[in-house]
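Student: Okay, sequence plus prediction incoming.
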Amino acid sequence: MHRIFIIAALSLMSCGQVENIAVTEENMDTSSGGPRNLILLIGDGMGEAEIALTRAYEFDGDDGLYVDTMEVRGSVIVKQLMKDDPGKYQFVGESASGGTTISTGQRTSDGHVATTATDGAHIKTILEEAKEKGFKTGLVTTSAITDATPASFAAHAENRYCWKRGDAACEEYGDNPIVDQMLDNNVDVMLGGGWELLDAVDENATLIHQKAIDLGYSVVKDMEDFNNLPVNAKTFGVFSNSHMPVEWQGAGGLGAQVVSLDEEGNIIFPLAERCELNPNHAGIPKLEEMTTYALNNLANDNDTGFFLMIEGASIDKQAHVAKPCGTIGEMLAFDRTVKMAVDFAVEQGNTAVIVTADHGASTQVIYKPEFYRGARTLDNMPGLYQLLLSKGGHELGAYYGTNNTDDQAHTGVNVPIYSYGLPDGAPVTGIIQQDTIYDVMKAYLFQ
Ligand SMILES: [Zn+2]
């Protein structure tokens, strides 16, 4: 921590003084030594509405989330470039463009993974820069490991769905499969979902990835493999066929529904229900467990430091399918993981933590769908609605109004940024642009 405060003080001084004292700082660096680490946590689709829904359900609206206690915070403006006309902005983001803006400092368009919107040129990412400079690198997610957010740090594609050889999406622009690029980039730890990325190669259809094995990776695919991993393994771990199952679900597995009317035309509001555990999540590693392994691995025998990106992917995916309990469970897991990252940073020193989202999702917290004036009918009641019962027994309405099916859109809200361990004056407070996050990470990691 001392080193960080000294750097902050330097920035306030004149040029001549900076030069003199910088030598002192260099000396301190030598004496204190130690690697420099950056942990970036991305809550996919984690707009303020998804956070508010979670806070209301779990803490009855009190500030009980760990991120609520993080004092250095700001608000990020999200925008991407139009696919058909990259000279124009689109005031809502998406995971490939958002991931790219964070990982490269350049805006791009929908579906582009670390490639330009204009001609698909590859843009070097913070992870690739870190790798070149000798840092260890890691990617942890609850999505398939090749999904847009992790891919934006370790691959380049104009179509985000070009995951593996043979995928039709690879043909659109001639992209090299994302999984091959991620392995070629020699990322030290990759943990998420994605059995479908593996090859079934023998008569027992044992799942391996020959290229990963040839490159020296330990390929792990279940809890037993995971628990037996040595701390220094170069790891490619996938624990579900595609995206990992979420931790929570609505009562009986149901999400938000179109409201119905009784015979007199009055809306029948559902009873308030509590969320429940998703039985399909049993037996797979939790986000915190994958994060613990990644931190231990990357910090092990490492004199330079590491860059680790951790994604809570299904905050967004559950909002797409209008399942507020799914979003809440994933948001709570992400929040616990943020606390773990900050605890690690406090313990380790020389470690910064940045927490943000790529874009907002479709969740709205309302009481009940209603008009302030006029009659309510199904014709004027768009969207899907679910009434939850918070821990303290309060009714909590979750609403999805971007359409009437379980295929909801992203929304153009600002997203939060929280941080720990950055120098004072780092531009991560107030209102910032999303591409600034790249500048902040680069300045911290490679100073
Ligand atoms: Zn999404």
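Tutor: Great, that's in hand.
Student: who touches the nearest residue to Val238 once chain neighbours are set aside in this structure?
Tutor: Excluding the flanking residues, the one nearest Val238 by Cβ to Cβ, 6 or more residues apart in numbering is Gly194, at 4.0 Å. (Glycine included, C-beta is placed from N, CA and C.) The neighbours of Gly194, taking Cβ atoms under 8 Å, 6 or more residues apart in numbering as the test, are 144-146, 163, 179, 238, 240-242.
Student: Determine the three-state secondary structure at the residue of the chain positioned farthest from its centre.
Tutor: The outermost residue of the chain relative to its centre, with distances by Cα atoms, centre = their mean, is Glu264 at 46.0 Å. Reduced to three states with DSSP: H, G, I helix; E, B strand; the rest coil, the structure at Glu264 is coil.
Student: any idea how far it lies from Asp379?
Tutor: According to Cβ to Cβ, to the nearest Å, Glu264 and Asp379 sit 16 Å apart.
Student: Over to Pro177?
Tutor: From Pro177 to Asp379 the distance is 47 Å (Cβ to Cβ).
Student: When those two are compared, which one has more neighbours?
Tutor: Neighbour totals were compared for Pro177 and Asp379, and Pro177 leads with 21 against 7 (other Cβ atoms under 10 Å).
Student: wait, that one sits on Ala168?
Tutor: No. Between Pro177 and Ala168 there is no contact under Cβ atoms under 8 Å: 11.8 Å.
Student: Restrict stretch 49-57 to CA atoms and write it as PDB.
Tutor: Presented in PDB, the C-alpha positions along stretch 49-57 are these (Å, rounded to 0.1, in the frame of the first residue of the first chain):
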ATOM      1  CA  ALA A  49     -31.100  -2.500 -11.900                       C
ATOM      2  CA  GLU A  50     -29.600  -6.000 -11.500                       C
ATOM      3  CA  ILE A  51     -27.700  -4.900  -8.400                       C
ATOM      4  CA  ALA A  52     -30.800  -3.200  -7.000                       C
ATOM      5  CA  LEU A  53     -32.900  -6.400  -7.500                       C
ATOM      6  CA  THR A  54     -30.300  -8.500  -5.700                       C
ATOM      7  CA  ARG A  55     -30.000  -6.000  -2.800                       C
ATOM      8  CA  ALA A  56     -33.700  -5.800  -2.400                       C
ATOM      9  CA  TYR A  57     -34.200  -9.600  -2.400                       C
END
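Student: And what about Phe226, helix, strand or coil?
Tutor: Phe226 - assigned by three-state DSSP - is helix.
Student: Would you map the helices across the stretch 201-350 of the chain?
Tutor: With DSSP state H, counting those that start in this stretch, the ranges of helices along the stretch 201-350 of the chain come out as 210-214, 223-227, 287-299, 314-320, 324-348.
Student: So what's the model's average confidence on the fourth one?
Tutor: So that's helix 314-320. Mean pLDDT, computed over helix 314-320, is 98.
Student: before we move on, what about the last one?
Tutor: For helix 324-348, mean pLDDT rounds to 98.
Student: The third one now?
Tutor: Per-residue pLDDT values over helix 287-299 give a mean of 98.
Student: With just CA atoms, put that helix into CSV.
Tutor: Taking Å, rounded to 0.1, in the frame of the first residue of the first chain, the C-alpha atoms of helix 287-299 are listed here in CSV:
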residue,chain,number,x,y,z
LEU,A,287,-17.2,-19.1,-9.2
GLU,A,288,-15.5,-18.6,-5.8
GLU,A,289,-13.8,-22.0,-6.0
MET,A,290,-12.6,-21.4,-9.6
THR,A,291,-11.3,-17.9,-8.4
THR,A,292,-9.5,-19.4,-5.4
TYR,A,293,-7.7,-21.9,-7.6
ALA,A,294,-6.8,-19.2,-10.2
LEU,A,295,-5.4,-16.8,-7.6
ASN,A,296,-3.3,-19.5,-5.9
ASN,A,297,-2.0,-20.7,-9.2
LEU,A,298,-1.2,-17.3,-10.7
ALA,A,299,0.5,-16.1,-7.4
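Student: Thank you kindly, that will do.
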